[in-house]
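Participant: curious how this folds, go ahead:
(one chain, ligands or ions: 2)
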Amino acid sequence: MPNDVLEKYIRAGRIAARVREEMRRIVREGMPLIEICEIAEDMIRKLGGSPAFPCNVSVNEVAAHYTSPPKDTRVVPSGSLVKVDIGVHVDGYIADTATTICFNPEYENMVYAAERALEAAIKVIRPSVIISKVSSEIEAVIERYGFKPIYNLSGHEVGHYVIHAGKSIPNVSHLSIERMRPGGVYAIEPFVTLKGAAGRVEDGPEKYIFRLVKMKASLKSSEAKELLKAIETNFRTLPFAERWLNRIYGQNESYKRAFSELLSSKCLMAYPVFIEASGSPVAQAEHTVYVGEKDIIVLTA
Ligand code: MN
Ligand code: MN
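Facilitator: Ligands and ions are numbered 1, 2, ... in the order given. Now for the predicted structure:
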């Protein structure tokens, strides 16, 4: 990887880590979720990065992909488990990191298991490591603590302006001889739930994160064409929140009809919120790691 590119990954990682730690400090029971999202995203911008995806604030059995819609009224419930997932990019080079903030002593061990699994996974990563070795490590640590990994959520390689690129890093052991590529950047993210839970996520009914998937379509309205152009200019192929359209359109909601047209014409895709299938609470920990020719760098440490 060219030095200037690695430099950008390192900058993105530093910003992401700082914002994650700041969120650990400020998130409280009763705090509006939209406030958490906006504080995190504003802080990323203030530190010289750009959000690589909307700040995810996923509570209890919601495993991932919740971000506040405009005018969200939800708050952090008391006794809950809150996963804050932060993405930062510098010129399209992405760092992805997450932490779980626990307001329920009953679930503290589960959060600990997620952190230990992430730590153990990072310890076995080296240039050209077999991916299934990393996965087996994650699963073994989670089970040693008496919990269960979510088997259908995975870590992933990141690419330029692409969050989920290349190879997946499953959280359970599997038969594959694929290796991590020297020069690759990988997000490792164990998700942990209770031993008696289903251990998988399902798509929930809500969708608050979107992404451009195709530019060319015979769009009916000029408003939709304009909105699509604005989305391409501002977010490229990275995920975005409807809240962010306010940054383009101000408080006026004239974009709403055009937005629906872009969704129905499949120019945009929507990410459903992921919910643990048996309704059990989920903990997550995540770091992004650069795998060099000789050693590795934990970009979000
Ligand atoms: Mn993430
Ligand atoms: Mn990720």
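Participant: okay, buried residues for stretch 235-248 please.
Facilitator: For stretch 235-248, burial by neighbour count (16 or more other CB atoms under 10 Å) applies to 235, 238-245. C-beta: built from backbone N, CA, C; applies to glycine.
Participant: for the closest residue to residue 64 other than its chain neighbours, give its distance to residue 154.
Facilitator: Closest residue to residue 64 apart from its sequence neighbours, by CB to CB, 6 or more residues apart in numbering: residue 274 at 4.7 Å. Counting by CB to CB, to the nearest Å, the separation of residue 274 from residue 154 is 12 Å.
Participant: with residue 209 instead?
Facilitator: 18 Å.
Participant: packing partners of the lowest-mean-pLDDT helix or strand in the chain?
Facilitator: Least confident element among the helices and strands of the chain, by mean pLDDT, DSSP states H and E: helix 246-249 (a mean of 82). Judged by 3 or more CB pairs under 8 Å, 6 or more residues apart in numbering; DSSP states H and E, the packing partners of helix 246-249 are helix 222-235.
Participant: can you tell me what sits against the helix it packs on?
Facilitator: For helix 222-235, the external contacting residues (CB atoms under 8 Å, 6 or more residues apart in numbering) are 211-212, 215, 219, 240, 244-245, 247-248, 254-255, 257-259, 261-262, 265, 267-268.
Participant: how about it: buried residues?
Facilitator: Using 16+ other CB under 10 Å as the test for burial, helix 222-235 gives 223-225, 227-228, 231, 235.
Participant: roughly how far is that helix from the heart of the chain?
Facilitator: Distance of helix 222-235 from the chain centroid (CA atoms, centre = their mean, to the nearest Å) equals 24 Å.
Participant: can you give me how far the helix or strand following it is from the chain middle?
Facilitator: Next in sequence after helix 222-235, counting helices and strands by DSSP states H and E, comes strand 240-241. Computed by CA atoms, centre = their mean, the chain-centroid distance of strand 240-241 equals 12 Å.
Participant: for strand 240-241, packing partners?
Facilitator: When contacts are defined as 3+ CB pairs under 8 Å, 6+ apart, strand 240-241 packs onto strand 201-212.
Participant: what strands line up against the strand it packs on, and which way round?
Facilitator: strand 240-241 (antiparallel), strand 268-276 (antiparallel) (DSSP bridges).
Participant: now do the longest one: everything it contacts.
Facilitator: Spelled out, it's strand 268-276. Around strand 268-276, the neighbours that count as contacts under CB under 8 Å, 6+ apart are 58, 61-66, 150, 153, 193, 197-198, 200-213, 231, 239, 259, 262-263, 282.
Participant: and with 7 Å instead?
Facilitator: With CB atoms under 7 Å, 6 or more residues apart in numbering as the test, strand 268-276 has contacts from 61-66, 193, 197-198, 201-204, 206-207, 209-213, 239, 262-263, 282.
Participant: follow-up on the earlier one: buried ones among the contacts of helix 222-235?
Facilitator: Listed as buried from those are 211-212, 219, 240, 244-245, 255, 258-259, 261-262, 267-268; burial here means 16+ other CB under 10 Å.
Participant: which bits of the stretch 1-150 of the chain sit near ligand 1?
Facilitator: Counting by CB under 5 Å from the ion, the stretch 1-150 of the chain comes close to ligand 1 at 85, 96, 98.
Participant: one more time with 8 Å
Facilitator: Within the stretch 1-150 of the chain, the positions near ligand 1 by CB under 8 Å from the ion are 53, 56, 64, 85-87, 96-98.
Participant: for the record, mean pLDDT for stretch 100-111?
Facilitator: Stretch 100-111 shows a mean pLDDT of 98.
Participant: where does the stretch 201-301 of the chain have low pLDDT?
Facilitator: Across the stretch 201-301 of the chain, the ranges flagged by pLDDT under 70 are 217.
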